[in-house]
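> return a 3D structure for these sequence lines:
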Amino acid sequence: MDMEGIRQAAVAYYEHLPEEKKKSAEDTFKAMDKNGDGKISLREYLGYLASSNNAVFTHPNIFSALDKDNNGNLDFEETKVLYYILFSGRALLCKCCGTFLADVYFSCFQCFCLDESASTYDLCCDCFGGKKFRHLDGHIFWDNYTLLSKSRSLALKAPEQKRREVLEKIKTIVEVTGLVVGVAAIASSCGCSIM
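Numbering: from 1, shown residues only. Model (predicted):
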């Protein structure tokens, strides 16, 4: 999913939000728009995020990616995408070059599945393909779609009495790496209700 795909997902996500969540998104926009001109400048954006401890979102690549019309400001439609990224966990940056990962990216399988920390080692296609990174020797990298597919396979192979536990663990992993969209498919295929 490229940035345009993320925009489309954000619009669909927003349309299905309950009214109180939509109000929350509007309130967040108003809180960011310090001068009340109906748009958020980079300065307002950075100021708001600094005050709310969202350091990962302060990377210039994310603001640039959000600014669809490249006018140097974000309108409410563009901040819907920020709201979606914020709540879906999609604020991932390449560990090598710092690029916002809006499309297919590669994750270290061991860090993704076996490391208990909330951190994963994610790379853009350019850094991974060009071997422009340094990571632990012998670690295997899979693209984000393969990781999701493999996670689903693991859940389906789990014994019936352990399936819920496996799904909960996969849900946590998926949320950490920003693949929230696929969790519902995992759950529905097993007759479970996770979300």
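> next one: the residue nearest the centre of the chain from Lys132, what distance?
Central residue check for the chain by Cα atoms, centre = their mean: the C-alpha nearest the mean position is that of Arg90, 0.9 Å away. For Arg90, the distance to Lys132 equals 23 Å [Cβ to Cβ, to the nearest Å]. (C-beta placed from N, C-alpha, C; glycine too.)
> quick revisit: and the residue nearest to the centre of the chain, that one's in a strand?
No: secondary structure of Arg90, determined by DSSP: H, G, I helix; E, B strand; the rest coil: coil, with no strand assignment.
> does it really touch Tyr84, like I thought?
Yes: judged on Cβ atoms under 8 Å, Arg90 makes contact with Tyr84 at a distance of 7.3 Å.
> any residues in contact with both of those two?
The contact sets of Arg90 and Tyr84 overlap at Ile6 (Cβ atoms under 8 Å, 6 or more residues apart in numbering).
> give me the domain ranges for this structure.
Using automatic domain parsing, the domain ranges for the chain come out as 3-88, 105-189.
> switch those domains over to JSON lines; also include mean pLDDT.
Putting the domains of the chain into JSON lines (pLDDT from 0 to 100) gives the following:
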{"stretch": "domain 3-88", "mean pLDDT": "88"}
{"stretch": "domain 105-189", "mean pLDDT": "72"}
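> which stretches of the chain form helices?
Secondary structure of the chain, counting by DSSP state H: helices at 3-15, 19-32, 42-51, 60-66, 76-88, 109, 125-129, 144-157, 160-177, 183-189.
> closest to Ala102 out of the ones you listed?
Nearest to Ala102 among those is helix 3-15 (4.2 Å), distances taken as Cβ to Cβ.
> for that closest one, name the packing helices and strands.
With contacts taken as 3 or more Cβ pairs under 8 Å, 6 or more residues apart in numbering; DSSP states H and E, helix 3-15 sits against helix 76-88.
> tell me what the helix it packs on is packed against?
Taking 3+ Cβ pairs under 8 Å, 6+ apart as the contact cut, helix 76-88 packs with helix 3-15, helix 19-32, helix 60-66.
> no more questions from me, cheers.
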